[in-house]
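Engineer: Need coordinates for the below:
(chains A and B)
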Protein chains: 2
Amino acid sequence: VPSVNRLPKHLKLLTLARDLRRRKARDRAHLFVCEGVRAVEELSGSGLSIEGALTSPDLDSHPRAAALAETLRTAGIEVQPVSDREFESASDTETPQGILAIGRTPSRSIGEIPAESGKSLRLLILDAIQEPGNVGALLRTAAALEVTATLAMPGTVDLWNAKVVRSAVGSLFRHLCFASTWDELDSFRSEHGVTIWGADVRGDVLERNGRPPERLALVVGNEGQGLSDAARTRAERLVSLSIAPDVESLNVAVAAGILLYELRR
Amino acid sequence: VPSVNRLPKHLKLLTLARDLRRRKARDRAHLFVCEGVRAVEELSGSGLSIEGALTSPDLDSHPRAAALAETLRTAGIEVQPVSDREFESASDTETPQGILAIGRTPSRSIGEIPAESGKSLRLLILDAIQEPGNVGALLRTAAALEVTATLAMPGTVDLWNAKVVRSAVGSLFRHLCFASTWDELDSFRSEHGVTIWGADVRGDVLERNGRPPERLALVVGNEGQGLSDAARTRAERLVSLSIAPDVESLNVAVAAGILLYELRR
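Structural biologist: Predicted coordinates for the structure are as follows:
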């Protein structure tokens, strides 16, 4: 974002944070916005690089936020106080907590998946999941249930969207997750022998105490549309959970949580 | 909302819908707003009474919405077209789908829980859950996993909040769920013999294939604070799920989903 460099110093971070609300700007700059006390605490402890932070006068009513700003300053990170109005112009939350950090997106790729033969493997594949809160909850679930990696397929909301960052509560910073493509997954699969299962309400009801494949990728589909054709043609099996007949489906993060728990190694 | 009656006819429903964004107005009028094509379809098929509906010019770009408006009209329900701007003033979503209905809140109480002795029972207790999206996902999960009833304890967001209505995707209309109190639960428990378990990250890791009590109430706590003292003093056991050591917790709806699935009768 070169034009930012010509701005007065105290506006640089603010302008950058505002700009990063657009996916294109995030992709180009390899930066993202992380908002709220808990998320910035997680970011600060994650080892990811922080480019700077903004604080608003609201900071004073959040003791943990003030302590956090001090921690960042001590670590040599620029912390820029701005007015409430300026802060809100960069903020994505309805109730800002007075602190927002700009983090550097880690470069991650499918080659980083620990896939030595003989080792068991669990992948979660997000097939056009569109609700940022769902994607955040899915990443948090994958990290908690020790999924090896999560791949965000085309049509899925950007993993570095501010709402995803917030709802992932830190898991985004540590769990191996990244945007990928079906071609990339195909290559990985043929090299490393991974079975693909798709979650689908019309699939086989998952048996309890079954013996799932050692190396398994579970695909979960779009909130309204379900699995894409790309997922359906690749899935060797469609699985579902037994639910009440008058209920159409579970929330995608809840369904993935139950399936991943049941399929855990 | 008596003042509404003095308004010109075409503004009555609009003013009412705007008013119903406040919990007090919903409590007083026993009405709620249901927004979006899918949610209004679910409402229309649920048997709950619909007081009226608003449509915006957006309706024309959603074929299902236009058909739905026609269905409502055929059923004798007043459907009032308003401008985009008027619609947005009553709407709670960022991308309105051109239809919004005003539904009548069903009167439900703890006495309706089918609790004949000998029968197994599953209750879900929401202990100050504050995020409407989480409450919606919890209700959807409870309905799908055949929980007998869900009780929203003090501190929990209003079940008839527009965001809860939307994220519950119809389950709110059919699943037996209502606001309650700890005193009410205590009376019910002493009369019907129900065991209370609390979900807590420091609780016993839930055994697989265990034999949970036949009549069980599972309490899930606030997103940030966990279980309240009221819940802790009542819980006979705290249970948790085995998760990765570097992850603090699961999303509350995901955790409840896995626990309820494991504890299913």
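
Engineer: Quick check: residues of the stretch 101-250 of chain A near chain B?
Structural biologist: Within reach of chain B by C-beta under 8 Å from any C-beta of the partner chain, the stretch 101-250 of chain A has these residues: A:133, A:137, A:140-141, A:143-146, A:167, A:169-171, A:174, A:208-209, A:224, A:241, A:243-244, A:246-250. All C-beta atoms are positioned from the backbone trio N, CA, C, and that covers glycine.

Engineer: In contact with the nearest residue to A:Ser46 once chain neighbours are set aside: list those residues for me.
Structural biologist: Closest residue to A:Ser46 apart from its sequence neighbours, by C-beta to C-beta, 6 or more residues apart in numbering or on different chains: A:Phe173 at 3.6 Å. By C-beta atoms under 8 Å, 6 or more residues apart in numbering or on different chains, the contact list for A:Phe173 reads A:42-43, A:46-48, A:103, A:106.

Engineer: And stretch A:235-251, how far out from the chain middle?
Structural biologist: From the chain centre to the centre of stretch A:235-251 is a distance of 24 Å (C-alpha atoms, centre = their mean, to the nearest Å).

Engineer: oh, I was asking about stretch A:183-194
Structural biologist: Counting by C-alpha atoms, centre = their mean, stretch A:183-194 is centred 22 Å from the centre of its parent chain.

Engineer: which residues touch it?
Structural biologist: By C-beta under 8 Å, 6+ apart, stretch A:183-194 touches A:110, A:113, A:115, A:117, A:121, A:123, A:125, A:151, A:153, A:196, A:215-217, A:234.

Engineer: Show me which of these is closest to A:Asp19.
Structural biologist: In terms of C-beta to C-beta, no member of the contacts of stretch A:183-194 lies closer to A:Asp19 than A:Met153, at 26.4 Å.

Engineer: Report how many residues lie close to the closest one.
Structural biologist: A:Met153 has 21 neighbours, counted by other C-beta atoms under 10 Å in any protein chain shown.

Engineer: follow-up on the earlier one: which of the contacts of A:Phe173 count as buried?
Structural biologist: For those, a neighbour count by 16 or more other C-beta atoms under 10 Å in any protein chain shown gives the buried set as A:42-43, A:46, A:48, A:103, A:106.

Engineer: In CSV, could you pull the C-alpha coordinates for the host helix or strand of A:Gly52?
Structural biologist: A:Gly52 is part of strand A:50-55, with elements assigned from DSSP states H and E. Extracted in CSV, the C-alpha atoms of strand A:50-55 (Å, rounded to 0.1, in the frame of the first residue of the first chain):
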residue,chain,number,x,y,z
ILE,A,50,2.6,-7.3,14.4
GLU,A,51,3.1,-4.2,12.3
GLY,A,52,1.4,-1.8,14.7
ALA,A,53,-1.7,-1.2,16.8
LEU,A,54,-4.4,1.5,17.3
THR,A,55,-6.0,2.4,20.5
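
Engineer: by contact count, what packs against the next helix-or-strand element following that strand?
Structural biologist: Later in the chain than strand A:50-55, the nearest helix or strand by DSSP H and E is helix A:63-74. With contacts taken as 3 or more C-beta pairs under 8 Å, 6 or more residues apart in numbering or on different chains; DSSP states H and E, helix A:63-74 sits against helix A:37-44, strand A:50-55, strand A:79-81, strand A:99-104.

Engineer: how distant is helix A:63-74 from the center of its chain?
Structural biologist: Chain-centre distance of helix A:63-74: 25 Å, with C-alpha atoms, centre = their mean.

Engineer: what is the mean pLDDT for it?
Structural biologist: Averaged across helix A:63-74, pLDDT comes to 93.

Engineer: close enough to count as contact, A:Thr105 and A:Arg28?
Structural biologist: No. With contacts counted by C-beta atoms under 8 Å, A:Thr105 stays clear of A:Arg28, the gap being 10.8 Å.

Engineer: Who has more neighbours out of these two?
Structural biologist: Neighbours were counted for A:Thr105 and for A:Arg28 using other C-beta under 10 Å; A:Thr105 has more, 17 against 12.

Engineer: and the more buried one, what does it touch?
Structural biologist: For A:Thr105, the contacting residues are A:26, A:30-32, A:160, by C-beta under 8 Å, 6+ apart.

Engineer: Disregarding residues adjacent in the polypeptide, which is nearest to it?
Structural biologist: In space, A:Thr105 is closest to A:His30, 4.6 Å off (C-beta to C-beta, 6+ apart).

Engineer: one step back: TSV please, covering the buried ones among the contacts of A:Phe173 and showing distance to B:Arg73 and pLDDT.
Structural biologist: Below are these laid out as TSV (distance: C-beta to C-beta, whole Å; pLDDT from 0 to 100):
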residue	distance to B:Arg73	pLDDT
A:Glu42	51	93
A:Leu43	52	96
A:Ser46	55	93
A:Leu48	55	96
A:Gly103	52	97
A:Pro106	54	96
